[in-house]
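**Student:** Model the following, please.
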Amino acid sequence: MGALRHPKILEAYPEGFKDVIHKLELVEGDGGVGTIIKLDLVPESGVIPGITWYKEKFTKIDNEKRVKETEDVEGGYLDLGFTLYRVRFEVIEKDKDSCSIKSTVEYDIKEEAAANASIITIQPLAKIAELAKDQLISIKA
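**Tutor:** Predicted coordinates for the structure are as follows:
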């Protein structure tokens, strides 16, 4: 089992994001491609304005290339007029004991909701990268 689908990563979401995520529910799957999770957000967090919950699907997990992609499938950005919201994480090895994470957001939005594109920010992805780093370090230890 590769680190990109390690079950402890899923377990870490609520603790690592307790100021942002109120509840995380595994809707279906085992952490691999096709897994769907539902995230209920803490409304006061304001990390993703206007979004209180969403479901995302793990659409790509490549442990060899160290790539993981997710897409919103219900709620969240889709409720704000987006027709696609995809996040891609790529872990880039620097040396034996260090790496960096390249995060990419891809989205499509309905023309009438174009003003909502301004809510897209890197802040949630940076927090995910920090959580992943901390969790992977603890797994390695």
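
**Student:** quick one: low-confidence ranges for this structure?
**Tutor:** 1-17, 140-141 (pLDDT under 70).

**Student:** Give me the distance between the helix or strand where residue 125 lies and the centre of its chain.
**Tutor:** Residue 125 belongs to helix 123-140 when assigned by DSSP states H and E. How far helix 123-140 lies from its chain's middle: 11 Å, per C-alpha atoms, centre = their mean, to the nearest Å.

**Student:** for stretch 104-121, same thing?
**Tutor:** 17 Å.

**Student:** Just the buried residues of it, please?
**Tutor:** Within stretch 104-121, the residues scored as buried using 16 or more other C-beta atoms under 10 Å are 107, 109, 116. C-beta coordinates here come from the backbone N, C-alpha and C atoms, glycine included.

**Student:** hey, where'd the helices end up in the protein?
**Tutor:** 7-16, 123-140 (DSSP state H).

**Student:** which parts of the last one are buried?
**Tutor:** Okay, so that is helix 123-140. Result for helix 123-140 [16+ other C-beta under 10 Å]: buried residues 124-125, 128-129, 131-132, 135-136.

**Student:** okay if I get those residues as CSV plus distance to residue 103?
**Tutor:** Formatted as CSV, the buried residues of helix 123-140 follow (distance: C-beta to C-beta, whole Å):
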residue, distance to residue 103
124, 9
125, 4
128, 8
129, 6
131, 12
132, 10
135, 16
136, 15
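
**Student:** now the strands for this structure?
**Tutor:** Applying DSSP state E to the chain gives strands spanning 21-28, 36-41, 53-62, 67-75, 82-95, 98-109.
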